[in-house]
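*Asks:* Provide a 3D model corresponding to the input given below.
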Amino acid sequence: MIEAGEMLEYAEYVGNYYGTPLSYVNQTLDEGKDVFLEIEVQGAQQVKDKVPDGVFIFLTPPDLVELKSRIVGRGTDAEEVIEERMRVAKEEIEMMALYDYAVVNDEVPLAVNRIKDIIASEHFRVDRVIGKYIKMLKEM
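*Replies:* Have a look, this model is predicted:
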């Protein structure tokens, strides 16, 4: 799919490839729905290049100590994988400026509400709705 140009974005993360099929995104947008992608910084940069008016939210842990505690607490990763995840997390935090918003994932319900607030605000931005009103005025 990558070679055929059928991916909106893709990235290698800790030895594995992840990506988003373009057909899924186009179909969802055609249905008038928002598209949410949970992607790494590499993928977000690709999407931002292709969809400059997208809204990009960086979800971050309260701090790196808490992040490591969460990863270790899962009990699924070997020590070298944990260290690699921490190294990647530090690099990604350094790239936060590529995003429009940053949300601290300290408590899940709070983080969810913050993201919902961002989405609601973005739906009412003048540059997103003005076309509808210009069309309405022309039809009068």
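*Asks:* Could I get the full set of helices for this structure?
*Replies:* 22-30, 41-50, 64-74, 79-94, 108-123, 126-139 (DSSP state H).
*Asks:* Pull out the buried residues from the fifth one.
*Replies:* Judged by neighbour count using 16 or more other CB atoms under 10 Å, the buried positions of helix 108-123 are 111, 114-115, 122. In short, each C-beta sits where N, CA and C put it, glycine included.
*Asks:* Kindly report the same for the third one.
*Replies:* Of the residues in helix 64-74, those scored as buried under the neighbour-count criterion (16+ other CB under 10 Å) are 67-68, 71.
*Asks:* Equivalent analysis for the first one, please.
*Replies:* By neighbour count, and taking 16+ other CB under 10 Å as the criterion, the buried residues in helix 22-30 are 22, 25.
*Asks:* One more: stretch 120-137?
*Replies:* So for stretch 120-137, counting by 16+ other CB under 10 Å, buried means Glu122.
*Asks:* and what of stretch 88-100?
*Replies:* Buried, per 16+ other CB under 10 Å, within stretch 88-100: 89, 92, 99.
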